[in-house]
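1. take this sequence and fold it.
(chains A, B and C)
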Amino acid sequence: MRRETFVNIAALAALFVLPVWANATGETYWVTLTTKVVILAIAGVGLNLALGLGGLVSFGHAAFFGVGGYVMGILASHLQDYVPLLTWPFLFEGSNQMPVIWLVALVFGALTALSIGLLSLRTSGVYFIMITLAFGQMLFYFAISWPAYGGEDGLSIYVRNEFPGLNTLVPIEFYGLCLTVLVAVLFLVWRISLSSFGLALGAARQNAERLQAVGIEPFRIRLTAFVISGAITALAGAMYADLNRFVSPNMFSWQTSGEIMVFVILGGVGRLFGPVLGAALFILMEHILGGMSEFWHIYLGFVLLGVVLFARGGLMGLLAGREVSHD
Amino acid sequence: MTEVVLGINGISKAYGALQANNDITLDLRAGEIHALIGPNGAGKSTFIKQVSGAEQPDQGAVTLLGDDITPLGAVARAQKGLGRTFQISSLAMEYTVLQNVVLGAMGRRGRVMRFFAPVLKDAALLNAAMRALERVGLQDVAHVETAVLSHGQRRQLEVAVALTLEPKVFLMDEPMAGLGAEGSQDLIRVLDALRHEAPILLVEHDMDAVFALADRISVLVYGQIIATGAPEDIRHNADVRTAYLGDDA
Amino acid sequence: MPTYLIVEQLLNGLQFGVMLFLSAAGLTLIFGVMGLINLAHGSLYMIGAFAAAAVAGATGSFVMALAASLAAAAAAGALVEILVIRRLYDRDHLDQVLATFALILIFSEGTRWMFGSFPLFLDVPSYLSGPVTLPGGIQYPLYRLTIIGIGLAIAAGLFLLIARTRIGIRIRAGEADREMIAALGVDISKLYTLVFALGAALAGLSGALVGAIQSVQVGMGEPVLILAFVVIVIGGIGSIKGALVGSLLVGLTDTFGRILLPVAFGTFMEPSAANSVGAALASMSIYLLMAVVLIVRPTGLYGRA
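-> Numbering: from 1, shown residues only, chains lettered A, B, ... in the order given. Here you go, the predicted structure:
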C-alpha cells in the first residue's frame, strides 16, 4: 500500500474513533473541537480542488464560506422570527432543516463562485490572487453595511437546525453527520481527481498551452473547478454557522480566506487528505498554543514561515513523502 | 491535382514596424510533407502562431479542408483537426507519459466534462493512447513521470500526443530540435510513415531531416516565401543559395 | 448638492487616493521589480503608524514622528527582505502569499504584544490643525490639505526617481531583465533590499499620516493592503503611473459613492431604506469599478499584456 493511502486511512480512523472515545469518557468539549476540525476540513477540501488540482490560488474563499454561513443564518432566522422569507411567487417561511439549508448553500456558493470566477479567471497569477481577495473583501463590507441581517453584529440562531432522524443538539450525533459529509466530499473530490475533468484540470495547472493544443479550453475547466470548489466551501460555511449557531461578517474576512488556505498548505497542497490534516493541526495548535499565550498567532506565523521555507509539502509531505505521479 | 488540406492564403503579420510575415501563401496537400525552412529570424515562429491560432493574422486567411478557420483560436482549430507539436516540448510534466497521451485522446473524443468515471480505466481512451505510444516507441515508459524522460523521449511524446488527436493535418514545429543522430533517424521513420494518414507541415532546422522527408520545400526569408519546390529544385535554387550561403553563384 | 460640499468631497477623495497611492506605489514597485506579491505590506503601514505614535508620545514632535515612521518601516522592510523575502523570489506565488501571510501574523501579534490591543492616538500638531479657507469661501481642514500636498510631492519625486536617476534606471532594468543587470555588475540583492525598503518607507509614512486622522491600531494595515491591491489591479501591475491613476479613481469613487448613492436611491425609496441600500452598494462601489476595468482591460489600465 502506498504510504499516503496508509496516512489517509489512519486519519480517517482517528476521526471515527477519537470523538467516540471522548464522548464515552464525557469529554464532549473534544467532540465539539473535532466537529470544528471536520467542518473546516470540508472548507479546505473545497479550496484544495481549485488550489491544489487546478493551481488557482484563490485568496477569496471566505466569500463562499460566508455565503454558506449567511444562507443558514437567513433561512433559520426567518423561521425563528416568524417573518416569511418569500411571499411571492410562493410562501417560504425559511427553514431549519439542514438538508434544505445545505442545498441552498451549495447553489448560492456555486452562483457566487460563477460570478467571481467569470471575472477573475480572465486573469492569472498575482492578478488572480489579488482579485479574489478583493471580491472577498467586497462581500465582507457588504455584509457589514447591509443592516437587514444584523450588519456588523451578525445573526444568532437560538436552536441548532434539525436533520431528519437525528438529534443535532447531541454533540456526537451532530459530529457523525458532519463526518459523513466530509467523507462524502472527500469521495467526490477523489473521484473528480481521477476523472476526465480532473485530468484536464491538472493539465490546466501544469501547462495550459498543452490543453489548448488538444482542443480543450482551459477557461471552462478552471471555471467549473472554481464553481465546484466554491459550492463545497459554502456547504462548510453553512455547517460552521450551525456549529456556532451564529454568523457574522467575520466569516467573509480576509483572515478567514487566509486560514482556509493555511489548512490546505499546512496539510499538503493537492493531496486528498491534506486539508484534513491541516485543519486538525491548525485547531490543535490553536488549542495548545492558545492556551499558553494570548498571542499564539505569533507562533502560528513562525510555524507557517517554517513550512514555506523549509518543509514544502506540508504535513502530508512529511508523513508520506513527495507526491509521485501514478496512473 | 491532389486535394489541398491546409491552405495559407496571403497571410501577413506585423509587430509595430516589423513586418514578420509578409503575404505568405502556401498549401499542404493530401499525403505530402511540406517543409518550411528559413534562417533564424525569418518569421517561422510568427508563421506557426498564425497557423496554430495563437494569433490572428493582420491579413489573409487560413483554410482547413476548404473551411475558413482564420477567426478560430487555438482550441477550436485543434478541435477542427489541426494537430500541432511544439518547438520546446510542451507537456504536463507532473503527469505520466500515459496520462499525457490519454489527455490527447480525451481531447479528440470531446466529452471532457465527466466528473465521476476514472479516466484511466476507459478502455477506448487507453487503447488509443497506447497505440500512439507504440507508434513512437514509448510504450515501455508509459507509466513513467514525464519530467524524468530524456529530451529525445519528450520529443517523441510530443508527436505521440499529436497522433492521439487523429488530426486532419499535422503542424510540427521543429520536432527534431535537440535530437541526436540516432533519435533523428527514429523520428524520421515515424514521420515518414505518418504522411499517409495526414499531411505534415514541417517547420524544421535540421536539413538532413528536411531533405529526407519533404515532398516539397518552401523557403522563408525576411518574412517572405522566396521559393517553393521539390527538394532538388530548392537545393539548386539561386535565391535560396544566396539567402543561406550569401554566395552569388 | 451645494458646490462647497462637492469640493469638500473632492478633496476628501483626493486625500484618500493620494494616501492609498503611497502604499500602492511600493507594492507595485516590489511586484514589478522582484515579481513578489507582498501581503505584509499592510504591516509596514502599521509599523509606520505605531512608530510615529510612540515617538510623538515621547517627544511631542510631529516631524520627529514622521521621520520615525519612515525609519522604522524602512528598517523593518529591509530586515524582512534580508531574512525572509529574499528566499521567496524564486518561489511560486502561493509560497509568497503564505510566507507573507505568516509575516502579517507575526507583525500584528508582535505589535499587540508590545503596545496592547487599545488604539493609540496620534494628534495632528497644533500648527496644522483647524480649517483653512479656500478660494470661494470653502472651509477645509489644513491637515488634510497638507497631506494631499505631501502625497503629491512624493508622487512627483517617485516619478523623477524612476525616470531620471541612476537608481531609477537600475530599477527599470531590473524589471526588464534581472540576469542581464546582474551580468552588468549591479549588485542585484542590494538593489532589491533598497527597493523593498523604499516601498516599506512609503507605506510607513502613509500609515503615520493617516494615523493622525484615524486611530493607530493593530489590523489597520490590511484593509489598506487590499485597497492597494484593487488599485494595482485597476492600474496595472508594475506601473507607478497606473498606481497613481488607480489610487485617485478608487479614492474618488469611494468618497462619492458614499455621498451620492444614498441620495440617488432616496429619489425613489424611503429615506431609511435608501440609506441602507445606498451604504451597502457604496461599500461595494470600488470593487465594481475594479470589475468593470477587468472586463474592459484584464491587465489593468497601464498594465503590460
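2. next structured bit after the worst-scoring helix or strand of chain C on mean pLDDT?
-> Least confident helix or strand of chain C, by mean pLDDT, DSSP states H and E, is helix C:178-183 with a mean of 73. Using DSSP states H and E, the helix or strand that follows helix C:178-183 towards the C-terminus is helix C:188-211.
3. show me which positions of the helix or strand of chain B with the lowest mean pLDDT end up buried.
-> Across the helices and strands of chain B, mean confidence by mean pLDDT, DSSP H and E is lowest for helix B:238-245: a mean of 83. Neighbour-count burial for helix B:238-245, with 16 or more other C-beta atoms under 10 Å in any protein chain shown as criterion, is recorded at B:Val240, B:Ala243. C-beta coordinates here come from the backbone N, C-alpha and C atoms, glycine included.
4. can you check stretch C:230-250 too?
-> Buried-residue list, stretch C:230-250, by 16+ other C-beta under 10 Å: C:230-240, C:242-250.
5. what sits against the residue in chain B that chain A sits nearest to?
-> In chain B, the residue that lies nearest chain A is B:Gly107 (3.1 Å; C-beta to the nearest C-beta). Going by C-beta atoms under 8 Å, 6 or more residues apart in numbering or on different chains, B:Gly107 touches A:Leu211, A:Val214, A:Gly215, A:Ile216, B:Ala78, B:Gln79, B:Thr164, B:Leu165.
6. from what I see, the second one and B:Ala78 are in contact.
-> Yes. When contacts are counted by C-beta atoms under 8 Å, A:Val214 is listed as touching B:Ala78 (6.1 Å).
7. just the element for residue 234, please.
-> Just going to use chain A. helix A:218-244.
8. wrong chain, I was asking about chain C
-> Counting by DSSP H and E, the element that carries C:Ile234 is helix C:221-235.
9. so after that helix, what's the next helix or strand?
-> Remark: after helix C:221-235, the chain's next helix or strand is helix C:240-266, criterion DSSP H and E.
10. and the very next helix or strand once past that following helix, what other elements does it pack with?
-> Using DSSP H and E, the helix or strand that directly follows helix C:240-266 along the chain is helix C:271-296. If you count contacts as 3 or more C-beta pairs under 8 Å, 6 or more residues apart in numbering or on different chains; DSSP states H and E, helix C:271-296 packs onto helix A:98-120, helix A:125-145, helix C:221-235, helix C:240-266.
11. state the mean pLDDT of the third one.
-> Translated: helix C:221-235. What helix C:221-235 shows for mean pLDDT is 94.
12. A:Thr28 touches A:Trp21, doesn't it?
-> No. A:Thr28 is beyond contact range of A:Trp21, at 11.9 Å (criterion: C-beta under 8 Å).
13. okay, the two: which has more neighbours?
-> Higher neighbour count among A:Thr28 and A:Trp21: A:Thr28, with 15 against 12, using other C-beta atoms under 10 Å in any protein chain shown.
14. next one: that one from chain C, what distance?
-> Using C-beta to the nearest C-beta, to the nearest Å, A:Thr28 is found at 30 Å from chain C.
15. can you check A:Ala225 too?
-> For A:Ala225, the distance to chain C (C-beta to the nearest C-beta) stands at 16 Å.
16. contact partners for the closest residue to that residue other than its chain neighbours?
-> In space, A:Ala225 comes closest to A:Gly54 once its chain neighbours are excluded; the distance is 4.4 Å by C-beta to C-beta, 6 or more residues apart in numbering or on different chains. A:Gly54 makes contact with A:Leu201, A:Gly202, A:Ala204, A:Arg205, A:Ile221, A:Arg222, A:Ala225, A:Phe226, A:Ser229 under the criterion C-beta under 8 Å, 6+ apart.
17. list just the nearest of the contacts of B:Gly107 to chain C.
-> For the contacts of B:Gly107, the nearest to chain C is A:Leu211 (19.0 Å; C-beta to the nearest C-beta).
18. what's the neighbour count on the closest one?
-> Neighbour count of A:Leu211, defined by other C-beta under 10 Å: 29.
19. before we move on, the earlier item: same list (the contacts of B:Gly107) but as a markdown table, adding pLDDT.
-> Formatted as a markdown table, the contacts of B:Gly107 follow (pLDDT from 0 to 100):
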| residue | pLDDT |
| --- | --- |
| A:Leu211 | 97 |
| A:Val214 | 97 |
| A:Gly215 | 96 |
| A:Ile216 | 97 |
| B:Ala78 | 96 |
| B:Gln79 | 96 |
| B:Thr164 | 97 |
| B:Leu165 | 96 |
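20. which of these fall in helices?
-> Cross-referencing those against helices under DSSP state H gives A:Leu211, B:Ala78, B:Gln79, B:Thr164.
21. residue contacts, the most centrally placed residue in chain B?
-> With distances taken as C-alpha atoms, centre = their mean, the residue of chain B nearest its centroid is B:Met172 (1.5 Å). B:Met172 is in contact with B:Arg84, B:Thr85, B:Val159, B:Ala162, B:Leu191, B:Ile200, B:Leu201, B:Leu202, B:Val203, B:Glu204, counting by C-beta under 8 Å, 6+ apart.
22. surely it is in a strand?
-> Yes. Assessed with DSSP: H, G, I helix; E, B strand; the rest coil, B:Met172 lies in a strand.
23. hey, what's it bridged with?
-> B:Thr85, B:Leu202 (DSSP bridges).
24. how far away is it from B:Val51?
-> Using C-beta to C-beta, to the nearest Å, we find B:Met172 at a distance of 11 Å from B:Val51.
25. so where is chain B shaky, pLDDT-wise?
-> Within chain B, the stretches with pLDDT under 70 are B:1, B:247-249.
26. all helices in it, in order from the N-terminus.
-> B:44-52, B:74-80, B:97-109, B:123-136, B:151-164, B:181-194, B:207-213, B:231-236, B:238-245.
27. for the stretch 201-327 of chain A, same thing?
-> Taking DSSP state H, counting those that start in this stretch as the criterion, the stretch 201-327 of chain A contains helices spanning A:208-213, A:218-244, A:254-267, A:274-292, A:296-310, A:314-320.
28. so how far is the fourth one off the chain centroid?
-> Meaning helix A:274-292. Distance of helix A:274-292 from the chain centroid (C-alpha atoms, centre = their mean, to the nearest Å) equals 15 Å.
29. just to revisit the earlier point, nearest to chain C, of the contacts of B:Met172?
-> B:Arg84 (22.7 Å).
30. in CSV, list the C-alpha atoms belonging to the helix holding C:Ile234.
-> Extracted in CSV, the C-alpha atoms of helix C:221-235 (Å, rounded to 0.1, in the frame of the first residue of the first chain):
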residue,chain,number,x,y,z
GLY,C,221,-2.9,47.9,7.6
GLU,C,222,-4.8,45.0,5.9
PRO,C,223,-7.8,47.0,4.7
VAL,C,224,-5.3,49.4,3.1
LEU,C,225,-3.4,46.5,1.6
ILE,C,226,-6.5,45.1,0.0
LEU,C,227,-7.5,48.5,-1.3
ALA,C,228,-4.0,48.9,-2.7
PHE,C,229,-4.5,45.5,-4.5
VAL,C,230,-7.6,46.9,-6.0
VAL,C,231,-5.7,50.0,-7.1
ILE,C,232,-3.0,47.8,-8.7
VAL,C,233,-5.4,45.6,-10.5
ILE,C,234,-7.1,48.7,-11.9
GLY,C,235,-3.8,50.5,-12.7
